[in-house]
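[1] Structure of the sequence below:
(chains A, B and C)
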Amino acid sequence: MAGSPRRTAGRRLQLPLLCLLLQGATAILFAVFVRYNHETDAALWHWHNHSNADNEFYFRYPSFQDVHTMIFVGFGFLMVFLQRYGFSSVGFTFLSAAFALQWSTLVQGFFHSFHRGHIHVGVESMINADFCAGAVLISFGAILGKTGPAQLLLMALLEVVLFGLNEFVLLSLLRVKDAGGSMTIHAFGAYFGLVLSRVLYRPQLEKSKHRQGSVYHSDLFAMIGTIFLWIFWPSFNSAPTTLGDGQHRSALNTYYSLTASTLSTFALSALVGRDGRLDMVHIQNAALAGGVVVGTSAEMMLTPFGALVAGFLAGTVSTLGYKFFTPTLESKLKVQDTCGVHNLHGMPGVLGALLGVLVAGLATHEAYGDGLESVFPLLAKGQRSATSQAMHQLFGLFVTLIFASVGGSLGGLLLRLPFLDAPPDSQCYEDQVYWEVPGEHEDLAQGPLRAEELETQA
Amino acid sequence: MAGSPRRTAGRRLQLPLLCLLLQGATAILFAVFVRYNHETDAALWHWHNHSNADNEFYFRYPSFQDVHTMIFVGFGFLMVFLQRYGFSSVGFTFLSAAFALQWSTLVQGFFHSFHRGHIHVGVESMINADFCAGAVLISFGAILGKTGPAQLLLMALLEVVLFGLNEFVLLSLLRVKDAGGSMTIHAFGAYFGLVLSRVLYRPQLEKSKHRQGSVYHSDLFAMIGTIFLWIFWPSFNSAPTTLGDGQHRSALNTYYSLTASTLSTFALSALVGRDGRLDMVHIQNAALAGGVVVGTSAEMMLTPFGALVAGFLAGTVSTLGYKFFTPTLESKLKVQDTCGVHNLHGMPGVLGALLGVLVAGLATHEAYGDGLESVFPLLAKGQRSATSQAMHQLFGLFVTLIFASVGGSLGGLLLRLPFLDAPPDSQCYEDQVYWEVPGEHEDLAQGPLRAEELETQA
Amino acid sequence: MAGSPRRTAGRRLQLPLLCLLLQGATAILFAVFVRYNHETDAALWHWHNHSNADNEFYFRYPSFQDVHTMIFVGFGFLMVFLQRYGFSSVGFTFLSAAFALQWSTLVQGFFHSFHRGHIHVGVESMINADFCAGAVLISFGAILGKTGPAQLLLMALLEVVLFGLNEFVLLSLLRVKDAGGSMTIHAFGAYFGLVLSRVLYRPQLEKSKHRQGSVYHSDLFAMIGTIFLWIFWPSFNSAPTTLGDGQHRSALNTYYSLTASTLSTFALSALVGRDGRLDMVHIQNAALAGGVVVGTSAEMMLTPFGALVAGFLAGTVSTLGYKFFTPTLESKLKVQDTCGVHNLHGMPGVLGALLGVLVAGLATHEAYGDGLESVFPLLAKGQRSATSQAMHQLFGLFVTLIFASVGGSLGGLLLRLPFLDAPPDSQCYEDQVYWEVPGEHEDLAQGPLRAEELETQA
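    Numbering: from 1, shown residues only, chains lettered A, B, ... in the order given. Below you'll find the predicted structure:
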């Protein structure tokens, strides 16, 4: 008992000090390294006689804003389904993504836009940083409710670096295509989080079981997240592709794929449900698998039919995963996956990578015409065959799974540092550990305005 | 009683089988017919030396995303006002709209972009499919709570075909203008749904009366739908118009019209309310009538003043409709209109069509200059007088009402097929019939974290 | 008692009559003065051979829609945190902003786009009107829960005029830069509202204290507002700037600033919280201060590092303001600030103005190159030195505070007119005064569907 006050003081200071330390560090690194690029710098942009309409802002900013909405509204509210963890779900999403945006601007900048000692930023770096934050939030989904905010910031600190490294290996070294990130974002984020969750395994978690479900209104809040993710996923997969037909086709393919995963999710959910009833967990999550599964191939000549088939399969696999695989994952493999990211991001991400292998392997000059240059530049230049590109894609998946597993293990060890403030088993999925929570129904205590009160008013 | 288990099994399988069947059918049709158009196909786009900035994607995709938000977030949450039907409102919106997008891509494609045996798709077909889904959701609003998901899918199957046919007659044969769909979307969807609801009339519906109202938080969820519909309606009316001044003017007119319908709705709601109190039903719905009423004329030279007057009238008519007409509709005409689509889409849609007649009839070369070509091409070419265009517009409304009525009747007969799973009168407006519903307030049962629990944590 | 019925009738009619009167007046003024500008008028646009891609619509409409979302969804839901005032928060936001859009189109039009007897409107006037509505809603935040809708409309009537006048003095006479409105929107709106709240001081307000807090779900609704404001603030600050690098840079700076204010808000909230717990009030509000503080300087060459520092400071000042200053404001200065607009808009707005003074004072030809012309035209032409521009910026802040204070005082006197319907002290923060409110938990009374009911269904 003597130690309690000290631990309380430690807990009290852990989050603030970590926030201040990280913010201070990124600010210094920004001062030293980060500069406006030639489209955001007043002098550089006006150096040549550009037409303002040519500024990349107008080609990518609307998509950026859709992605931004997905990260903060989509992921944030999707996780509000827990009955007593809404403040933390949306709040820690907010905090860890805000940090990830800064940190990944630096990490991705070093890997991708470091010229003459400076990182150059603009709308593309904004999109890429949001993508990286997406991976962090996917991992967050696996450990939701079982970690404190300081732990999440440390996880982001590590994961952003490994994300950047993996992305660099895939996109720049292996020259793999992965615009919507089936590999780099979804599979990476999911397996990073799942391995991390395995390391943090809590055998006594059933002490918090009664808080692990949803209530009626928390499920409706979660549907806000689902629907915003669903509607803007075409922008997610098309935001970083080549301009023109590339963005257009990516958006279109994703749109079709999502409609199919929605239909298969409803079909499968009713099929496996008690008395044919639908399960909100499936609808909130598996219906989105169609966006994940075309993350690699949406910019390719997947065909609308291919998009439908891919989405259909992803919704099916994801729904069945929630029903049958998640319980096994916990009981057999000791992986406690709060949001079921294995079903929404893990398996569909791997499927999406394999679909990318297939569609890349089928690429021909005939199908892409002069557009081959922008989708598969190495094929267009004759430096790679379609089969070779396919093999590179497959190797990219392998690399991603290695990075994710090693990273998740390291992350787990980091988060198990004994002085870090984690909620005890009996208080997981509970906002009150980290938040001032108002009384649930003060209004009921007061009751509606009484008739006599209204009288006096008149 | 002997039949019960069989019916349960039938119910269990009805939705999954229908989803799988429909998805299989559309997938096959996609394989055979649907192809990328010249702006989404890599080879076709790069065939000519286009500037990427010319890709239609950049002119219409931001508007498309706003429309997409309206369909899934707007309509979905608007219908969450029912206290025990939130899962179904947002979930069945999700399901039926997702199917409608695929199906209307095919149907509208056959009517509008079928060339050399193929349907060509791109951002315009995405917008048009969303519009068609909007009409389906309007009809859904009339029968909300009284039909099961399998019935809704069948309704969509039929309605999308009739929507496409009606749209083809109006836009391609009669050469009527209706960019924002006062006729093709709102009037069509509303009267289709109302006639269908008439055929499905339930004399014993008062058995579910206690679930037909809202609760405090369900009304707030519904306001999410309202506000997203309201803010993005300028994009809805401008998404499919001609580029340049056409889109710009449509958005501007809609923006003004909506501000006026909001003011008139608040005025009328307080005027007819008990003790001058405002009614959430009016605010959630009638305030949107300004968007419906300029659906035909927003792209014309309506003038900002004209937009204000139109919006004002629509808000007035709609609010009065909710107060006085909806009860009569049920008691006299046996039309049970759950969401009051007659007030929000029916009457304002007809008003909007008539406004279109008026504004088209007033069109002059002087007012439109060389822009006449893009708004009224037949007038510009001298093939039609303004009066003739007005008469065609009026005839378009008439055709729409015929299609909607016949279609709604057919739809009603289809949905009354005895083996289809519909909720009994006593279980309308109840999620539990189709969904696993979590306990309402498990959290209260558990209570907030107790002081001693927090102690042990410290 | 004899007077009661008359007062009730007065109350009943006050809002409707005012709405109708104001709508009638603006409609007449629209008829006389408002015309399409050369980008929305069919004849004018087609007069010259424009490319449709040059229409300003495509450069500003996506940003406009983000701003529109902030005004109606962001502000509306941010204020839903009160447990019994959600209908009023989102509803009166809707009403007063809808009126403000019309009225400010006229007022700003007279000051800024009045040519040959007409006001010319297009996407820029739409953005500017939304900005003005933003200022009105900020003021609303200070008096939330203590005023009726008729009072709010009168406040908007006055405030829009003073906003337009102040904006005209700053932007057109003093030639001050303030794209994102640190001065014209945030400081003006905040101090207008605070002074007004001072004049309306209610010594007996503690009679409604029990309704002044939040409940669990009302805080989650408020987070919808927060997150939408946060994600779209880059569009807010960039919507009205010069095209090209100006919009691009403004968005980027705002994005960085907001990430930093989020980190500092979490740090400070935990630091000053009981047992290190986070406070939802801080997260919902102070995290947004990073958007306010770069409202003046985001379009300047602030540098990404500068944006981080500014955001960090704003989040810090704002959080500390909520913790320590708001209570003093009420107890010492008799200013009751319901939403703490002094912390979110007042202090960060003043800080933002001062930051603008600093960054303008540091402007050099070297840093801006030929872009100096678009950011500081008077400097580029040699008509002003950087120091002179800085002094003008500072004077602009001074002018704004004068306008806001005088305006708020006048507004307070106007709203104290005795015949205006204001809620009594015991019924502040209560929807039932102005709205039909459904029973809170009718569903509980009915209970979930009983087992036997489900039996009969099978």
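[2] Can you tell me the SS state at residue A:363?
    With DSSP: H, G, I helix; E, B strand; the rest coil as the basis, residue A:363 sits in coil.
[3] Now do the contacts for it.
    Applying CB atoms under 8 Å, 6 or more residues apart in numbering or on different chains, we find residue A:363 in contact with A:300, A:301, A:372, A:375, A:376, A:379, A:386, A:389. In short, each C-beta sits where N, CA and C put it, glycine included.
[4] For those, pick the one with the most neighbours.
    The most crowded member of the contacts of residue A:363, judged by other CB atoms under 10 Å in any protein chain shown, is residue A:300 (28 neighbours).
[5] List the contacts of the closest residue to that residue other than its chain neighbours.
    Excluding the flanking residues, the one nearest residue A:300 by CB to CB, 6 or more residues apart in numbering or on different chains is residue A:359, at 4.6 Å. Contacts of residue A:359 were listed using CB under 8 Å, 6+ apart, and they are A:296, A:297, A:300, A:301, A:302, A:306.
[6] can you put those in JSON lines and add pLDDT and secondary structure?
    JSON lines is the format used below for the contacts of residue A:359 (pLDDT from 0 to 100; DSSP: H, G, I helix; E, B strand; the rest coil):
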{"residue": "A:296", "pLDDT": "98", "secondary structure": "coil"}
{"residue": "A:297", "pLDDT": "97", "secondary structure": "coil"}
{"residue": "A:300", "pLDDT": "97", "secondary structure": "coil"}
{"residue": "A:301", "pLDDT": "97", "secondary structure": "coil"}
{"residue": "A:302", "pLDDT": "97", "secondary structure": "coil"}
{"residue": "A:306", "pLDDT": "98", "secondary structure": "helix"}
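[7] which regions of chain A lie under the pLDDT threshold?
    Scanning chain A for pLDDT under 70 picks out the ranges A:1-10, A:440-458.
[8] so does stretch A:169-188 get close to chain B?
    No. Figure legend: stretch A:169-188 not in contact with chain B (CB under 8 Å from any CB of the partner chain); closest approach 12.9 Å.
[9] Could you tell me the end-to-end distance of that stretch?
    13 Å (CA to CA, to the nearest Å).
[10] still on that earlier bit, so the residue nearest to residue A:300, which state does it fall into?
    Following three-state DSSP, residue A:359 is assigned to helix.
[11] how near is it to chain B?
    Distance check for residue A:359 against chain B: by CB to the nearest CB, to the nearest Å, it reads 12 Å.
[12] Residue A:361 too?
    Where chain B is concerned, residue A:361 sits at a distance of 16 Å (CB to the nearest CB).
[13] Not counting sequence-adjacent ones, nearest residue to that residue?
    Nearest to residue A:361 is residue A:390, by CB to CB, 6+ apart, at 3.3 Å.
[14] Report the contact partners of the residue positioned nearest the centre of chain A.
    Central residue of chain A (CA atoms, centre = their mean): residue A:134, 2.8 Å from the mean position. With contacts defined as CB under 8 Å, 6+ apart, residue A:134 is in contact with A:70, A:71, A:75, A:181, A:185, A:189.
[15] Nearest to chain B among the contacts of residue A:359?
    Nearest to chain B among the contacts of residue A:359, counting by CB to the nearest CB, is residue A:301 at 5.8 Å.
[16] wait, what's in contact with that closest one?
    Neighbour list for residue A:301: A:249, A:359, A:363, A:367, A:368, A:375, B:36, B:41, B:42 [criterion: CB under 8 Å, 6+ apart].
[17] Could you export stretch A:146-155 as PDB, CA atoms only?
    Presented in PDB, the C-alpha positions along stretch A:146-155 are these (Å, rounded to 0.1, in the frame of the first residue of the first chain):
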ATOM      1  CA  LYS A 146      -6.300  -3.600 -22.800                       C
ATOM      2  CA  THR A 147      -3.700  -0.800 -23.100                       C
ATOM      3  CA  GLY A 148      -3.300   2.700 -21.800                       C
ATOM      4  CA  PRO A 149      -2.600   5.800 -23.900                       C
ATOM      5  CA  ALA A 150       1.000   6.000 -23.000                       C
ATOM      6  CA  GLN A 151       1.400   2.400 -24.300                       C
ATOM      7  CA  LEU A 152      -0.400   3.300 -27.500                       C
ATOM      8  CA  LEU A 153       2.000   6.200 -28.100                       C
ATOM      9  CA  LEU A 154       5.000   4.000 -27.700                       C
ATOM     10  CA  MET A 155       3.400   1.400 -30.000                       C
END
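[18] near chain B, anything from it?
    No. Figure legend: stretch A:146-155 not in contact with chain B (CB under 8 Å from any CB); closest approach 11.2 Å.
[19] How about that stretch and chain C, touching?
    Yes. Under the criterion of CB under 8 Å from any CB, stretch A:146-155 makes contact with chain C via residue A:149.
[20] can you list contacts of that stretch?
    Residues from elsewhere that reach stretch A:146-155 (CB under 8 Å, 6+ apart): A:14-15, A:18-19, A:22, A:88, A:91-92, A:95-96, A:99, A:136, A:139-140, A:143, A:196-197, A:200, A:202, A:205, A:336, A:338, A:411, A:414-415, A:420-423, A:428-429, A:433-434, C:266, C:278.
[21] Mind doing that once more with 6 Å?
    The contact list for stretch A:146-155, computed with CB atoms under 6 Å, 6 or more residues apart in numbering or on different chains, reads A:14-15, A:18, A:92, A:95-96, A:99, A:411, A:414-415, A:420-422, A:428.
[22] do stretch A:110-120 as well
    By CB under 6 Å, 6+ apart, stretch A:110-120 touches A:33, A:34, A:35, A:37, A:109, A:164, A:168.
[23] so what's the backbone phi/psi at residue A:49?
    Backbone torsions for residue A:49, taken as degrees, to the nearest 10, come to phi -80, psi 70.
[24] Could you report the separation of it from chain C?
    For residue A:49 relative to chain C (CB to the nearest CB), the value is 9 Å.
[25] separation between that residue and residue B:52?
    Separation of residue A:49 from residue B:52 (CB to CB, to the nearest Å): 19 Å.
[26] just the helices in the stretch 1-150 of chain A please.
    A:4-33, A:42-47, A:57-69, A:76-78, A:86-112, A:123-143, A:149-167 (DSSP state H, counting those that start in this stretch).
[27] among those helices, which is nearest residue C:312?
    helix A:4-33 (6.1 Å; CB to CB).
[28] how about the closest one: buried residues?
    Within helix A:4-33, the residues that count as buried by 16 or more other CB atoms under 10 Å in any protein chain shown are A:11-12, A:14-16, A:18-20, A:22-23, A:26-27, A:29-30, A:33.
[29] and if you look at stretch A:249-263?
    A:249-263.
[30] What segments of the stretch 301-450 of chain A are helices?
    Counting by DSSP H, counting those that start in this stretch, the helices of the stretch 301-450 of chain A are A:304-320, A:326-331, A:341, A:347-361, A:365-368, A:372-375, A:377-380, A:386-415, A:442-446.
[31] Can you tell me which of these is most buried?
    helix A:341 (a mean of 29; mean count of other CB atoms under 10 Å in any protein chain shown).
[32] Show me what that helix packs onto, helices and strands only.
    Helices and strands touching helix A:341, by 3 or more CB pairs under 6 Å, 6 or more residues apart in numbering or on different chains; DSSP states H and E, are helix A:123-143.
[33] didn't residue A:317 look like it was pressed against residue A:345?
    No. Between residue A:317 and residue A:345 there is no contact under CB atoms under 6 Å: 12.0 Å.
[34] How about the residues of the stretch 51-200 of chain A by chain C?
    A:52, A:55, A:57, A:62, A:68-69, A:72-73, A:86, A:90-91, A:95, A:98, A:101-102, A:126 (CB under 6 Å from any CB of the partner chain).
[35] State the pair within these that is farthest apart.
    Spatially, the most separated pair among these is A:52 and A:86, at 43.0 Å (CB to CB).
[36] With neighbour numbers in mind, choose between those two.
    With neighbours defined as other CB under 10 Å, residue A:52 and residue A:86 compare such that residue A:86 has more, 26 against 17.
[37] ok, residue A:258 touching residue A:290?
    Yes. Under the criterion of CB under 6 Å, residue A:258 makes contact with residue A:290 at 4.1 Å.
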